[in-house]
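K.L.:
here are the coordinates; sequence isn't available:
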């Protein structure tokens, strides 16, 4: 029930404040990934907690930058489990053994490394992946690859906005992942600004 | 009182889980900026709410990536005000008018743009700046510059860990900013691993 209310809330926000840009870009920077509505993030966390109820979650894994705020607000609803965010650049703060893979970011128009320190993911971990967007699924595939390398179990995937007209979601569901997208955009039109949800 | 307890908690975590690396690097990636302890972040938010009590805060401004989780957890303690995070790279998701400045990141060893869409900062805003670290203060100076351009009022600055032996904090206090660092490292030694707090 919480989930249904939150899905409606998120769809309404996208309809009201989202804008469609050429190149399949959906801008929701007013509340999701530049300015952040933490009350909405809290509701999203509650919705995922309802969906993944009964599963043991020991850690939330996300990727910088837009996933971090959502993941940190959601963690409260999973008993304050640690949130690990994968980094997209090397830094002198990163050392020791790392899991590293490479993804292509459509919005940044270039390849990024995805880096997680090995000490923060172990075979005993039951991981919930969280991110703001799912389109072609490249970022999530990078995170899943890192969980596989660590021997950690991916218990589920929580997404705010899935672009249902791209195939990332379908691929993940076919592969058997428990994917919970709170808003699934079926189609959108940059000329009229229309957004249709699944 | 809440603040005193949180300061003690943070110092203990730094002492226990932090490591000192050559080049004045203090690694606190186990709970602050790679893996995130959201319960600690919540306590930090409560501490800042106590410190900045009586001030009107309409917005929290931070910078990607490590500030985001802390800022989003803290926002609950300021009536769920919006959190805006400055971006360090251009993206096809960023358009329209922007405030842009440039900072040098010591940990990434290169210059970064600092970008905030103009629509998310206005002269009516009373801003609390939040970040994980304060060393030479370059990132904060970038955020302050952006607030100045927007005509927004910087009401205060909440920092998790200040490196008291670098001059960023002193400069900001001298300039009259209400700066609240929850842990101030007076000295640290990469050889012995010793960390002394102010």
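P.N.:
Nice, I can see it. Keep in mind the model is a prediction, meaning the values are calculated, not measured.

K.L.:
beta partners for residue A:130?
P.N.:
residue A:158 (DSSP bridges).

K.L.:
nearest residue to the middle of chain A?
P.N.:
residue A:131 (1.2 Å; Cα atoms, centre = their mean).

K.L.:
average model confidence for the longest helix along chain A?
P.N.:
Ranked by residue count, the top helix of chain A under DSSP state H comes out as helix A:2-17. For helix A:2-17, mean pLDDT is 96.

K.L.:
would that helix count as contacting chain B?
P.N.:
No - interface with chain B: helix A:2-17 contributes nothing (Cβ under 8 Å from any Cβ of the partner chain), its closest point being 10.9 Å away. Heads up, the C-betas are built off the backbone N, CA and C, glycines and all.

K.L.:
still on that earlier bit, neighbours of the residue nearest to the residue nearest to the centre of chain A when sequence neighbours are not counted, just the number please.
P.N.:
In space, and not counting its chain neighbours, residue A:131 is closest to residue A:67: 4.5 Å by Cβ to Cβ, 6 or more residues apart in numbering or on different chains. Counted with other Cβ atoms under 10 Å in any protein chain shown, the neighbours of residue A:67 add up to 30.

K.L.:
tell me the contacts of residue A:67?
P.N.:
Applying Cβ atoms under 8 Å, 6 or more residues apart in numbering or on different chains to residue A:67 gives the contacts A:85, A:130, A:131, A:132.

K.L.:
does the second one touch residue A:66 like I think?
P.N.:
Same thing as residue A:130. No - judged on Cβ atoms under 8 Å, residue A:130 makes no contact with residue A:66 at a distance of 10.4 Å.

K.L.:
comparing those two, which residue is more hemmed in?
P.N.:
The neighbour count for residue A:130 versus residue A:66, taken as other Cβ under 10 Å, is higher for residue A:130 (30 against 27).

K.L.:
from chain B, how far out is that one?
P.N.:
12 Å (Cβ to the nearest Cβ, to the nearest Å).

K.L.:
returning to what we had before: so the residue nearest to the centre of chain A sits against residue A:62, correct?
P.N.:
Yes - Residue A:131 lies in contact with residue A:62 (Cβ under 8 Å); the separation is 5.9 Å.

K.L.:
need the overlap of contacts for those two.
P.N.:
In contact with both residue A:131 and residue A:62: A:70, A:143, using Cβ under 8 Å, 6+ apart.

K.L.:
ranges for the helices of chain A?
P.N.:
A:2-17, A:38-51, A:66-75, A:138-150, A:168-174.

K.L.:
just name the most buried of the ones you listed.
P.N.:
Of the helices of chain A, the one with the most neighbours on average (mean count of other Cβ atoms under 10 Å in any protein chain shown) is helix A:66-75, at a mean of 29.

K.L.:
pLDDT on that one, on average?
P.N.:
Across helix A:66-75, pLDDT averages out at 98.

K.L.:
before we move on, what about stretch A:119-130?
P.N.:
97.

K.L.:
then stretch A:103-115?
P.N.:
pLDDT averaged over stretch A:103-115 gives 86.

K.L.:
and it with chain B, contact?
P.N.:
Yes - using Cβ under 8 Å from any Cβ, stretch A:103-115 reaches chain B at A:106, A:107, A:108, A:109.

K.L.:
among the residues you listed, which one has the most neighbours?
P.N.:
Result: residue A:106 is most packed of the residues of stretch A:103-115 next to chain B (other Cβ under 10 Å), 19 neighbours.

K.L.:
just checking, that residue touches residue A:135?
P.N.:
Yes - Residue A:106 lies in contact with residue A:135 (Cβ under 8 Å); the separation is 6.7 Å.

K.L.:
do you know which of the helices of chain A lies nearest residue B:97?
P.N.:
For these, distance to residue B:97 was read as Cβ to Cβ. The smallest value, 17.4 Å, belongs to helix A:2-17.
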